[in-house]
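>>> Sharing a model that was predicted from the sequence below.
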Amino acid sequence: MTTAMTSGRAPRTPGSAALVRLVAAREAGTRLRDRNFLISSAFILLLLVGVLVFQIVLNSGSDQTRIGVPTDDVRVAAALEVQSRALGIDLVVERYADEEAARAALAEGAVEGVLVGGRGREPALLVESGATPSLLTVAQGAVASIVVGDQLAAAGVQPQPVPDVVVRALDPQVDAGDERLVVALIGTALLYGLLVLFGQFIAQGVVEEKSSRVVELLLVTMRPWQLLAGKIIGLGALGLGQILVVAVLGVAGALVFDLVDVPGDLVGTVVAVVLWFVLGYAFYAAVFAVAGSLVSRQEDLGSVLTPTTLLLVAAFIVAFQAAADPAGAMATVTSFTPGLSPLVMPVRSAAGQAAGWEVALSVAIMLVAIAAVVRVGGRIYAGALLRTSGRTRLREALRAERA
Amino acid sequence: MLEFDGLHKSYGDDHVLDGVGFTVAAGSMFGFCGANGAGKTTTMRIAMGLVRPDAGEVRWQGRALDDDARRRIGYMPEERGLYPKMRVGEQLAYFARLHGLDAAAAGRAADEWTGRLGLGDRRRDAVEKLSLGNQQRVQLAAALVGRPEVLILDEPFSGLDPVGVDALAEALLEQVRAGVPVVFSSHQLDLVERLCDSVGILARGRMVASGPVPDLRQREAGRLLRVVVPDAPPGWAGGLPGVRVVAQQGGDTLLELDADADDQQVLAAGLRTGPVTHFARREPSLVELFREAVADEGAQVAA
Ligand SMILES: Nc1ncnc2c1ncn2[C@@H]1O[C@H](COP(=O)(O)OP(=O)(O)O)[C@@H](O)[C@H]1O
Ligand SMILES: [Mg+2]
């Protein structure tokens, strides 16, 4: 029997999936129009752009060295180039007509140093105020090679070209590992920030429903777990979207501006961070939601969120410790501890200290923990939702579930 | 037919509901009366699945209410609740969807109800920007927007001004005419009397009276007698056997007669004081029924 004045098909019973989807869409839609959310998103992106720009400046500014040579004698210029290649220094040799012109270029800042008298008895490296070690080394090496070559020629020895030394790395991981570690730490910091941010969003949303009493109207149409799942999934999709944007932009930026040596490692680490975000988010979202459900006013939220926030802060600190000592007992234990592992394990594995089975085990432990939190937390949440006066104790909530 | 059957509920040692039961016919309006703390809200929350009863059940069309059936009920909780920062139109559409309407139908229903309840130009405003009276209208729209088969409203008239009361009453009567059974609780007995086909009176968790208003009147009718004797002194009827004076203002006297009292004796006593300008049995008002029922209950409890 439907009402006479509203025409159209009779309402249909929405299934669990439909209800969860409705809740999730509302949560995401509300946040997308929320100023705090937009500001925090913009902030994270700005931070990322800042890091990229910083890296680019660092990379381009430090490497290239320009040296002036006041002669058209090819031997000095050639010796400088050979030396710079041998030493792995990015050197540009500028040739000037005479010493006067070279000095002028130095004064203008077009070159960092000018090598004069390179073939004579008294070679000199003219600089503005001080010579960088790389500049001095190149100049010294070039002069030495010319002098030695001349002396050998004078003694009648025909110098054979010196064979290039082939570099053979015994532990190729060490250097690349550093880079991965930096990426993992940036990722961990991002993960920490997003977990705190979205945890707050979830808890605030739960309290808003309680304090406005709208929760009673909602629970008439759905079960507490459906409401909880919709909230977590809706906000989680936003969080995942945000971390994916950051990941894609970060990786793309790093590749385009050639900031990393081993792109494969970078991508691997970023993917790991994103996956750990999903696990960490599921865990913390449930915990934050349950904590939020225990109070009825936003003002009381701080007190119930403190333990969880502290756990996150601890995880963050431990993750940085782990970067310094990834093989230590602390890093090892915490990388398996639910709640800590999402921040610690990416660092440990980026440092090359976690075997595949260890990561798998840690993920499995985390999944079990999430299942437990969702199960127990869901009961607490259900029991506490309709207690809209004051603060609910955990035990009360567990007992009161739909009483 | 909506049936509340043998509901019991205790919180600790506090027996909040003690066998509450009544029925509401399709297309009828049921007024649920009772003092504060009588258990009205608890009864309604049991129907909505928000409170689990210790015993008893609520049935709709012969079947115990489950989650799916409850989605066909429009509900207004005693503690009003809406998302304060969500826009009126979007909010109503959201509730309509939770009740099973598809997106297009939900949008139309939200438009329709905001229009009909005079909120047409507030659709895009956040609920918190509205006056309390308008928020109450949105609350009602939230109960109606899902095309309910049943309406359960907890104190829907409280906090409304007379214009709002009339608008709400009209909306509810319209639903009733369309065949929807409506249950609402209220303190305003005159309103219940005016609107309802049946009433239930709850006192301390027990139904002390329930049924169609005329039946209840019948049961109590005949006990009240109004006599207007302009020249009579105060207490003129006090000594008559089986007669109790309920009220006397000037000569306008309301008497309650025991079943075996003789009304002709009352008339004779009146005539002895002078002219009798009015002499008639009177049907009790709902207020009187309510007082009566609650007083009886009190006496039983005291006994
Ligand atoms: N969750 C609860 N815990 C303990 N007592 C409750 C709870 N809910 C209601 N009560 C008690 O039940 C009684 C009936 O309350 P209620 O149903 O709200 O009455 P009404 O709506 O008729 O005013 C009151 O005495 C109230 O204190
Ligand atoms: Mg009440």
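Here it is on my side, so go on. Residues are numbered from 1 along each chain as shown, chains lettered A, B, ... in the order given. Ligands and ions are numbered 1, 2, ... in the order given.
>>> Let me see the domain layout of chain B.
B:2-211, B:221-282 (automatic domain parsing).
>>> Show me how far the helix ranked longest in chain A is from its chain's centre.
Criterion DSSP state H: the longest helix present in chain A is helix A:173-211. Its chain's C-alpha centre and that of helix A:173-211 lie 9 Å apart, by C-alpha atoms, centre = their mean, to the nearest Å.
>>> Would you work out how far apart the start and end of stretch A:125-143 are?
Length of stretch A:125-143, first residue to last, C-alpha to C-alpha, to the nearest Å: 10 Å.
>>> Repeat that for stretch B:96-106.
End-to-end distance of stretch B:96-106 (C-alpha to C-alpha): 5 Å.
>>> So that stretch, near chain A or not?
Yes: residues of stretch B:96-106 contacting chain A under C-beta under 8 Å from any C-beta of the partner chain: B:Arg97, B:Leu98, B:His99, B:Gly100, B:Leu101, B:Asp102, B:Ala105. C-beta: built from backbone N, CA, C; applies to glycine.
>>> Go ahead and confirm the last one touches B:Ala96.
Yes: judged on C-beta atoms under 8 Å, B:Ala105 makes contact with B:Ala96 at a distance of 7.2 Å.
>>> picking that back up, next helix or strand past the longest helix of chain A?
Scanning forward in sequence from helix A:173-211 by DSSP states H and E, the next helix or strand is helix A:214-219.
>>> Do that next one and chain B come into contact?
Yes: judged by C-beta under 8 Å from any C-beta, helix A:214-219 and chain B are in contact via A:Val214, A:Val215, A:Glu216, A:Leu217, A:Leu218, A:Leu219.
>>> how deep is residue 15 tucked in, by neighbour count?
Reading this off chain A. By the criterion of other C-beta atoms under 10 Å in any protein chain shown, A:Gly15 has 10 neighbours.
>>> my bad, the chain I had in mind was chain B
Neighbour count of B:His15, defined by other C-beta under 10 Å: 16.
>>> need the contact list for it.
Shown in contact with B:His15 (C-beta atoms under 8 Å, 6 or more residues apart in numbering or on different chains): B:His8, B:Lys9, B:Gly205.
>>> would you turn the residues of stretch B:96-106 next to chain A into a markdown table with secondary structure and neighbour count?
Listed next are the residues of stretch B:96-106 next to chain A as a markdown table, based on DSSP: H, G, I helix; E, B strand; the rest coil; neighbours: other C-beta atoms under 10 Å in any protein chain shown:
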| residue | secondary structure | neighbour count |
| --- | --- | --- |
| B:Arg97 | helix | 27 |
| B:Leu98 | helix | 25 |
| B:His99 | coil | 26 |
| B:Gly100 | coil | 22 |
| B:Leu101 | coil | 26 |
| B:Asp102 | coil | 14 |
| B:Ala105 | helix | 21 |
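>>> Which single one of those is nearest to A:Ala97?
Set against A:Ala97, the nearest of these by C-beta to C-beta is B:Arg97 (81.9 Å).
>>> Quick check, the closest one in contact with B:Ala103.
Yes: look at B:Arg97 against B:Ala103 with C-beta under 8 Å: they come within range, at 6.7 Å.
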